[in-house]
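**Student:** Here is my input, please return the structure:
(one chain, ligands or ions: 1)
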Amino acid sequence: MFPEANKGWSYEDCKATADWLMAQTDVRPTIGIVCGSGMGGLADMLKDQIAFNYKDIPNFPQSTVHGHAGRLVFGTLKGRPCVCMQGRFHLYEGYPIQKITLPIRIFKLIGVETVILTNAAGGINQDFKVGDIMIIRDHLNMPGFAGNNPLVGPNDERFGVRFPCMSDAYDRELQQMAMDVGQELGYGDFLKEGVYCVLGGPSFETVVEARMLHKLGVDAVGMSTVPEVIVARHCGMRVFALSLITNQAVMDYDSEEKANHDEVLETGKQRAEQLERLVSTMVTKIEHNNNYA
Ligand SMILES: O=P(O)(O)O[C@@H]1C[C@H](O)[C@@H](CO)O1
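**Tutor:** Alright, predicted model coming up:
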């Protein structure tokens, strides 16, 4: 439809990948999960797995970041058919933003109705502690302010409208469900809600950048998720997203703390069990009709 402008992420490209995947597996997922840094264990919850390395999937980018295995895993979670990205793509890896979000459109085309996104993030809210899980209520899209939005370019109406609404990006019912499930599981002490801000990365924030985000009302800062959310909402999927606070953003020149990826991965390991229980319990409560055509 737009051959010049959609270099490898057109509707036809996405459909070809979706059809290829559907020919390899009988699983017809209605829930898609994206694992954040160090949270790949979420994919291990799936039973009767059929897994594909990203390098073997037509049109897929490759994972380049430690803590992102680069596998697309199909299977069932407590009997519900799911697909899980064990490894996501980030702007700082150098891919065009439309390529980073291509798997989300493939989710849509294989029949996914609800996307659950997870990420590792730095705490900006001074009441947050390392290990807190923040349910995302809203986002601040900093790269978007500079025109770096995954919907830039010709709009293909088969995915969605030219100007999608984002004031309801994060499904309120699913946020409430997460709070309720978290309370039932006894996670009240470390379950929070807040605003996530995406930056381009890969450098972590300076002190003044972290202070600025605090003044803007941001609770957690990271380098992902928002482009995926925009694309998922554009094509009409429900979105739930959470951040694991893996480190505190440094906001004081006297601090000895230094943000680093090892700490991010380590916190992910420590909270893996609770994250898995929260996500798997939510999955059992989400109702769907499979609509793969
Ligand atoms: O994929 P996510 O957003 O969880 O990864 C975060 C952001 C960077 O990729 C990395 C920094 O440690 O973790």
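**Student:** Contacts only, for I31.
**Tutor:** 77, 80-83, 112-116, 283, 286, 288 (Cβ atoms under 8 Å, 6 or more residues apart in numbering). C-betas here are computed from N, CA, C, even on glycine.
**Student:** In CSV, please show the C-alpha coordinates belonging to stretch 161-180.
**Tutor:** Extracted C-alpha coordinates of stretch 161-180, given in CSV (Å, rounded to 0.1, in the frame of the first residue of the first chain):
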residue,chain,number,x,y,z
VAL,A,161,-7.0,5.8,12.8
ARG,A,162,-4.6,8.6,12.0
PHE,A,163,-5.0,10.4,15.3
PRO,A,164,-5.6,7.8,18.1
CYS,A,165,-6.6,8.9,21.6
MET,A,166,-4.1,8.3,24.3
SER,A,167,-5.9,9.7,27.4
ASP,A,168,-7.3,6.2,28.0
ALA,A,169,-4.1,4.3,27.0
TYR,A,170,-3.9,2.2,30.2
ASP,A,171,-7.0,0.1,30.7
ARG,A,172,-8.6,1.3,34.0
GLU,A,173,-10.3,-2.0,34.7
LEU,A,174,-7.1,-3.9,34.4
GLN,A,175,-5.3,-1.4,36.7
GLN,A,176,-8.0,-2.1,39.3
MET,A,177,-7.7,-5.8,38.7
ALA,A,178,-4.0,-5.6,39.3
MET,A,179,-4.5,-3.6,42.6
ASP,A,180,-7.1,-6.2,43.8
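**Student:** Quick check: mean pLDDT of that stretch?
**Tutor:** Here stretch 161-180 scores 98 as its mean pLDDT.
**Student:** Show me which residues of the chain are close to the ligand?
**Tutor:** 36-37, 65, 88, 90, 119-120, 201, 222-224, 261, 264 (Cβ under 6 Å from any ligand atom).
**Student:** circling back: using pLDDT, spot the least trustworthy of the contacts of I31.
**Tutor:** Pick the lowest pLDDT in the contacts of I31 and you get H288, at 68.
**Student:** Out of the contacts of I31, flag the one nearest to P103.
**Tutor:** Within the set of the contacts of I31, V83 lies nearest P103; the separation is 9.3 Å, counting by Cβ to Cβ.
**Student:** Check which residues of stretch 122-141 are buried.
**Tutor:** Neighbour counts using 16 or more other Cβ atoms under 10 Å place 122-125, 128, 130, 132-136, 138-141 of stretch 122-141 among the buried residues.
**Student:** Could you do stretch 221-233 as well?
**Tutor:** 221-233.
**Student:** same thing with stretch 68-84?
**Tutor:** Taking 16+ other Cβ under 10 Å as the basis for neighbour counts, the residues of stretch 68-84 that come out buried are 68-77, 80-84.
**Student:** returning to what we had before: who wins on neighbours among the residues of the chain next to the ligand?
**Tutor:** Among the residues of the chain next to the ligand, the one with the most neighbours (other Cβ atoms under 10 Å) is S224, at 29 neighbours.
**Student:** Now do the contacts for it.
**Tutor:** Shown in contact with S224 (Cβ under 8 Å, 6+ apart): 36, 88, 90, 119, 198.
**Student:** Let's have those in JSON lines, adding secondary structure.
**Tutor:** Conversion of the contacts of S224 to JSON lines gives the following (DSSP: H, G, I helix; E, B strand; the rest coil):
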{"residue": "G36", "secondary structure": "coil"}
{"residue": "R88", "secondary structure": "coil"}
{"residue": "H90", "secondary structure": "coil"}
{"residue": "N119", "secondary structure": "strand"}
{"residue": "V198", "secondary structure": "strand"}
